[in-house]
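# need a structure here:
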Amino acid sequence: MISVVLTDRSPEVVAADLVEGILAVNNLEGEVALRFRTALLEAAGGAPLAHSADLPSGVARVAERQTQAA
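Residues are numbered from 1 along each chain as shown. Reported below is the predicted structural model:
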């Protein structure tokens with residue numbers, strides 16, 4: 001199960017978090033993660049975020065979200 005905060009967040013940021021959750025749950029990393037991230041974000045209705053290459057790894061983003069939730 002993947003959950004994200006919707007309040008006061010752009011649809012692009014919500015989609016990016018959902019995609020990162022999918023990658024983390026499926027333990028996808030490296031080139032495979034990049035291909036899936038691109039395909040999922042495009043399927044969500046938009047091109048990948050311009051700064052997606054600058055995002056921390058999926059594991060780091062999950063840890064950040066868990067810390068924020070605590």
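# Check which helix or strand residue 20 maps to.
helix 11-25 (DSSP states H and E).
# quick one: buried residues of that helix?
Neighbour-count burial for helix 11-25, counted by 16 or more other CB atoms under 10 Å, picks out 15-24. Where you see a C-beta, it was placed from the backbone N, CA and C, and this is true even at glycine.
# For that helix, name the packing helices and strands.
helix 30-43, helix 58-69 (3 or more CB pairs under 8 Å, 6 or more residues apart in numbering; DSSP states H and E).
# Now the weakest link among these, please, by mean pLDDT.
Across the helices and strands packed on helix 11-25, helix 58-69 has the smallest mean pLDDT, namely a mean of 58.
# From residue 3, how far off is residue 35?
Here the criterion is CB to CB, to the nearest Å. By it, residue 35 lies 25 Å from residue 3.
# Kindly report the same for residue 14.
Residue 14 is 11 Å from residue 3, by CB to CB.
# and what of residue 42?
In terms of CB to CB, residue 42 sits 23 Å off from residue 3.
# Leaving out the residues flanking it, which one is nearest to residue 3?
Sequence neighbours aside, residue 21 is the residue nearest to residue 3 in space, at 8.0 Å (criterion: CB to CB, 6 or more residues apart in numbering).
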